[in-house]
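A.B. asks: sequence-free structure coming up:
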């Protein structure tokens, strides 16, 4: 049976325990994703409390991290999503994404609506990829792909 979690602190506590175990065992997110059989972005988001994992994936992740059966069960619950508080984020990495949306949010909205019409890009039917590439001018660049299904607004 599918269960929903309505207390975000339960998943937050589990996320903290999972990250501690990941660190203690010196595992990468990719290694955890490999155990789950799912993408690294989805698995990471799930372990951090933003998605439920299927039963087999939850048990594999919990086993790899040395977490108990209760943790494996909690990893399967549908969480209360949304990891950002109601204030401007202070973590520099998260803040830069916030800043990007502050600067380019209206541009993205204008371009999406011009290309597709009135609607939204799904965060449910969604893929995320992060890659490191060489910068021709020296150093490295981050290439982040947000790939969501377009859902048109339907009059009713």
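C.D. replies: Looks like it arrived, so ask away. Keep in mind that what you see is a predicted model, and the values were worked out from it rather than measured. Residues are numbered from 1 along each chain as shown.

A.B. asks: rest of the way, CA atoms for contacts and neighbours
C.D. replies: Noted.

A.B. asks: would you agree residue 144 falls within a helix?
C.D. replies: No: assigned with DSSP: H, G, I helix; E, B strand; the rest coil, residue 144 falls outside any helix and is strand.

A.B. asks: what about the strand ranked longest in the chain, average pLDDT?
C.D. replies: Looking across the chain with DSSP state E, the single longest strand is strand 119-134. Per-residue pLDDT values over strand 119-134 give a mean of 95.

A.B. asks: next one: the spatially closest residue to residue 82 that is not a sequence neighbour from residue 67, what distance?
C.D. replies: Nearest residue to residue 82 in three dimensions, chain neighbours excluded: residue 50, at 6.9 Å (CA to CA, 6 or more residues apart in numbering). Using CA to CA, to the nearest Å, residue 50 is found at 18 Å from residue 67.

A.B. asks: thinking again about what came up before, buried residues in the longest strand of the chain, which are they?
C.D. replies: By 16 or more other CA atoms under 10 Å, the buried positions in strand 119-134 come out as 120, 121.

A.B. asks: now do the helices in this protein.
C.D. replies: Using DSSP state H, the helices of the chain run over 8-24, 29-36, 40-47, 55-65, 69-74, 92-116.

A.B. asks: packing partners of the longest strand of the chain?
C.D. replies: Where contact means 3 or more CA pairs under 8 Å, 6 or more residues apart in numbering; DSSP states H and E, strand 119-134 is packed against helix 40-47, strand 140-152.

A.B. asks: what comes up buried for the longest one?
C.D. replies: Neighbour-count burial for strand 140-152, counted by 16+ other CA under 10 Å, picks out residue 150.

A.B. asks: which one, of the helices of the chain, ends up nearest to residue 154?
C.D. replies: helix 92-116 (13.0 Å; CA to CA).

A.B. asks: got the angle for the closest one vs strand 140-152?
C.D. replies: Angle of helix 92-116 versus strand 140-152, following axes from the mean of the first three to the mean of the last three CA atoms, to 10 degrees, is 40 degrees.

A.B. asks: all numbers from here: first residue = 274
C.D. replies: Got it, first residue is 274 now, which makes that one helix 365-389.
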